[in-house]
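Chemist: here's my sequence, what's the structure:
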Amino acid sequence: MGRVNVRSASWTARARTACGLATALCLGAAASARAEDPAILSAYFGLDEASVPLVHPFRLTCADGDRIDGLPLVLSHEVDQATIEPQDFLVHTQSGKTLQPNCATTNPAGEEDEDRTVLLLGELGDWPSDPPVSVEIVGEVLSEPESDGTVRSFKGLVSPAIPPYTDGPMLVMAEIVPNEERELSEAEGGPNCPAGRTLTIVRLIWSGGVSQFATDTSGFPPGRGAELGPAQYGRITVDLLQANGEVVKIHPFYVGDRDDGDNNNDLCLDRNGVPVAVAVRAKTVTDPMNDWNPATEIEISK
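Modeler: Below is the predicted model:
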């Protein structure tokens, strides 16, 4: 599976240098620079010829028959859902075919603070005979307005190469959730980070939907495992920048944003500091086809 490690070199050295200068620089160093220019960060062939009723009822209208393909795109900026139409996207296959999805939606990652993933559904290629290799945005798909009113266009962008169908999901982006966007549960065990213990939340965005490895693979898609639990928490490590410039490694005590089947996870942290990077060990989560993730390490955007 060997994917490229996307974390830049020597974060610890750079963080310590910055924090040695001033607290403001320390906080500024915590945020990896988010590209100003819009981009497609990843495209992922998540489902091939899936049985429509077992995937999700709302997708019935997206299939020509009783089978459907699914391909999520992760975008660099939150997208204005009203500007998304199936004809805005073209899927290019290995043989040179150009295919148009039947549906394009931000569901299931359609919450207001998540809408950076567009799921394409329809006939999008076949594994292994003619898989999709890239996605092109040909319509005027727009970002949500930024605080200064800036709106960005994704038109004309082409995705990175789509990994082989048998590859598992990769961590694409990580960001600190602002306090005003937090959704908290009253106690541990709820759908979100627990209110009493959570100090910081880091949102992970994967190239495709993730869950635990499914031991019962009798259905289709086979990877319909449980939400992440303590065994997975210990395989996720966050680098936490301290006020003195030291970087300590901690594990989330809980993972929120549960029970919605999307490609977002909230890491719940109970120690003070600025999260600057996250690493996930190989074989921690699987996609809907029960394919394991590769080892992934990425800097955290603030």
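
Chemist: and the nearest residue to residue 248 once chain neighbours are set aside, which of the three is it?
Modeler: Using CB to CB, 6 or more residues apart in numbering and skipping residues adjacent in sequence, the residue nearest residue 248 is residue 240, 5.2 Å away. Every C-beta, even on glycine, is put in place using the N, C-alpha and C of the backbone. For residue 240, the assignment made with DSSP: H, G, I helix; E, B strand; the rest coil gives strand.

Chemist: for residue 240, which residues are in contact?
Modeler: 247-250, 269, 271, 273-276 (CB atoms under 8 Å, 6 or more residues apart in numbering).

Chemist: go on, residue 37?
Modeler: 76, 152.

Chemist: need the buried ones from the contacts of residue 240 selected in ChimeraX.
Modeler: Command for ChimeraX that selects the buried part of the contacts of residue 240, burial taken from 16 or more other CB atoms under 10 Å:
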select :247,250,269,273,274,275,276
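
Chemist: now, the contacts of residue 240 that are in strands?
Modeler: Among those, DSSP state E puts 247-250, 269, 274-276 in strands.

Chemist: wait, which of those residues is closest to residue 69?
Modeler: residue 275 (35.3 Å; CB to CB).

Chemist: you'd agree that closest one is up against residue 238?
Modeler: Yes: Residue 275 lies in contact with residue 238 (CB atoms under 8 Å); the separation is 5.2 Å.

Chemist: would you map the helices across this protein?
Modeler: 11-21, 23-30, 52-55, 230-233 (DSSP state H).

Chemist: quick one: mean pLDDT over the last one.
Modeler: Helix 230-233 shows an average pLDDT of 96 in the prediction.

Chemist: for it, which helices and strands make contact with it?
Modeler: Contact analysis of helix 230-233 by 3 or more CB pairs under 8 Å, 6 or more residues apart in numbering; DSSP states H and E lists strand 254-256 as its packing neighbours.

Chemist: which strands and helices sit next to the strand it packs on?
Modeler: strand 193-194, helix 230-233, strand 264-269.

Chemist: can you list residues touching both of residue 275 and residue 238?
Modeler: Counting by CB under 8 Å, 6+ apart, the shared contacts of residue 275 and residue 238 are 202, 269, 300.

Chemist: now, among the residues you listed, which is nearest to residue 227?
Modeler: Nearest to residue 227 among those, with distances taken as CB to CB, is residue 202, at 17.0 Å.

Chemist: the closest one: what's it in contact with?
Modeler: With the criterion set at CB under 8 Å, 6+ apart, residue 202 makes contact with 174-177, 238, 252, 266-267, 269, 275, 278, 300.

Chemist: output the below-cut-off pLDDT ranges for the stretch 1-150 of the chain.
Modeler: 1-35, 51-60, 110 (pLDDT under 70).

Chemist: 90 - rerun?
Modeler: Residue ranges of the stretch 1-150 of the chain with pLDDT under 90: 1-36, 47, 49-68, 107-115, 147.

Chemist: from the ones in strands among the contacts of residue 240, which is closest to residue 85?
Modeler: residue 275 (36.4 Å).

Chemist: partner residues bridging the closest one?
Modeler: Taking DSSP bridges as the rule, residue 275 bridges to residue 240.

Chemist: all strands of the stretch 101-250 of the chain, in order?
Modeler: Assigned by DSSP state E, counting those that start in this stretch, the stretch 101-250 of the chain shows strands spanning 103-105, 117-122, 132-137, 171-176, 184-185, 193-194, 200-206, 236-241, 247-250.

Chemist: now distance to residue 111 too, for those strands, in CSV please.
Modeler: Below are the strands of the stretch 101-250 of the chain laid out as CSV (distance: least, CB to CB, whole Å):
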stretch, distance to residue 111
strand 103-105, 13
strand 117-122, 11
strand 132-137, 22
strand 171-176, 14
strand 184-185, 14
strand 193-194, 15
strand 200-206, 11
strand 236-241, 21
strand 247-250, 26
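
Chemist: which of those strands is buried the deepest?
Modeler: Mean neighbour count (mean count of other CB atoms under 10 Å) peaks for strand 117-122 among the strands of the stretch 101-250 of the chain, with a mean of 26.

Chemist: give me the contact list for it.
Modeler: By CB under 8 Å, 6+ apart, the list of residues contacting strand 117-122 reads 59, 62-64, 68-75, 79, 84, 86, 89, 91, 99-109, 135, 141, 205, 262-264.

Chemist: how far is the longest strand seen in the chain from where the chain is centred?
Modeler: Longest strand in the chain, counting residues (DSSP E): strand 67-75. Centroid separation for strand 67-75 versus its chain: 13 Å, with CA atoms, centre = their mean, to the nearest Å.
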